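Student: I'll drop the sequence and a predicted model, then ask my questions.
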Amino acid sequence: MRDLKETCKIAVVQAEPVMFDKKKGLEKVLGIIEEAASHGVEFIVFPELFIPGYPFGMTFGFTVGSRAESGRQDWKLYYDQSLIVPGEETKKIGEYARKYNTYISIGVSERDGLTGTLYNTNLLFKADGTLDSVHRKLKPTGTERVVWGDADRGYFPTMDTPWGPVGSLICWESYMPLARMALYEKGITLYISPNTNDNPEWQSTIQHIALEGKVYFINSDMIIRRSSYPGELLEQDRIGTLNEIVCRGGSCIVDPYGHYVIEPVWDKEEILYAELDLQEIPRSKMEFDVCGHYARPDVFSFKVVDK
């Protein structure tokens, strides 16, 4: 492991997305970047699908063997508000990364400009404004599969930073042991987790992963309220059955020993600020290094099929 910059000033965003509106969503993102940058941060992390929001609880008219025309119309609205990558929105985010000299991670719904398929995607920007990493979710979870496609390229990208390689897994990708191993083998130090997972079991999972990988686990979740959904959606009957707070957040940071740097925050928008001690990572590997001295390559074989 090369020498790392000793500390990282990081901001983890827990905020409410502007649902189904990429223009206003981008405006909110840029405002948050400005606010976080005023605190002198070097890295800003946004949640999963922050533009144009995670359509939690919606069905888009899908049932086994059939689709409703009203659901098709709602899906087309979401399609229209999804981002071409690279595109106008990513260019603007990159400009703000450069302006404020900060690395940025943000989850978006990506629309493939050639095929039209949507992907649940996480983007990593360097502080010079470069869009460095485009990670498409390997396997959308459950009925997410009727909205977004499986990743089809660029598996497990990482971004080189002064704090070492940084990578992301989106929400339930972190339940895939081999996906985690793919990132561990690339030597990641910051494990970025954009997600929409507010159940208590998730907190146990992320503490385990931080301890397993000897990484800082950056857990960025969002707040979604029933009132977040726009009135022009046709699936109002379904939306009306949702809880007042649909997603409670739970954003936090966990250190390489599985301990909270910042405890989970619930039921409100907040930017979480921390200064991470990167020297904890090599110190924590003294007795356990999952891809190093604690590995048994003579017994186990692991391979990622690149595409």
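Tutor: All right, it came through fine.
Student: Which residue ranges of the stretch 101-250 of the chain form helices?
Tutor: Counting by DSSP state H, counting those that start in this stretch, one finds helices in the stretch 101-250 of the chain at the ranges 177-184, 200-213, 236-239.
Student: In CSV, list these along with distance to W148, mean neighbour count and mean pLDDT.
Tutor: From N, CA and C alone the C-beta is placed, and that goes for glycine too. Formatted as CSV, these follow (distance: least, C-beta to C-beta, whole Å; neighbours: other C-beta atoms under 10 Å; pLDDT from 0 to 100):
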stretch, distance to W148, mean neighbour count, mean pLDDT
helix 177-184, 16, 19, 97
helix 200-213, 20, 18, 97
helix 236-239, 19, 14, 94
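Student: closest one to M58 among those?
Tutor: Evaluated over those, closeness to M58 peaks at helix 236-239, with 6.4 Å, by C-beta to C-beta.
Student: For whichever helix or strand A274 is part of, name the packing helices and strands.
Tutor: If you go by DSSP states H and E, A274 is part of strand 270-277. When contacts are defined as 3 or more C-beta pairs under 8 Å, 6 or more residues apart in numbering; DSSP states H and E, strand 270-277 sits against strand 7-14, helix 22-37, strand 245-254, strand 260-266.
Student: So which of those is nearest Y79?
Tutor: The nearest among the helices and strands packed on strand 270-277, by C-beta to C-beta, is helix 22-37 at 11.0 Å.
Student: so who does E275 touch?
Tutor: By C-beta atoms under 8 Å, 6 or more residues apart in numbering, the contact list for E275 reads 7-10.
Student: again, 10 Å this time
Tutor: 6-10, 40-42, 261 (C-beta atoms under 10 Å, 6 or more residues apart in numbering).
Student: Dig out what it forms beta bridges with.
Tutor: K9 (DSSP bridges).
Student: Roughly how far does it sit from D267?
Tutor: 26 Å (C-beta to C-beta, to the nearest Å).
Student: M176 too?
Tutor: Taken as C-beta to C-beta, the span from M176 to D267 is 29 Å.
Student: hang on, the earlier thing: need the next SSE after the strand holding A274, C-terminal direction.
Tutor: On the C-terminal side of strand 270-277, the nearest following helix or strand under DSSP H and E is helix 280-284.
Student: Flag every buried residue along that next one.
Tutor: 280-282, 284 (16 or more other C-beta atoms under 10 Å).
Student: before we move on, what about stretch 129-148?
Tutor: Applying 16+ other C-beta under 10 Å to stretch 129-148 flags 129, 131-141, 144, 147-148 as buried.
Student: Looking at the helices of the stretch 101-250 of the chain, spot the one closest to V64.
Tutor: Comparing those under C-beta to C-beta, the one sitting nearest is helix 236-239, at 16.7 Å.
Student: Restricting to C-alpha, output the closest one in CSV.
Tutor: The C-alpha coordinates for helix 236-239 follow below in CSV (Å, rounded to 0.1, in the frame of the first residue of the first chain):
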residue,chain,number,x,y,z
GLN,A,236,-51.4,8.2,-7.0
ASP,A,237,-53.5,5.4,-5.4
ARG,A,238,-50.3,3.4,-4.8
ILE,A,239,-48.3,6.4,-3.6
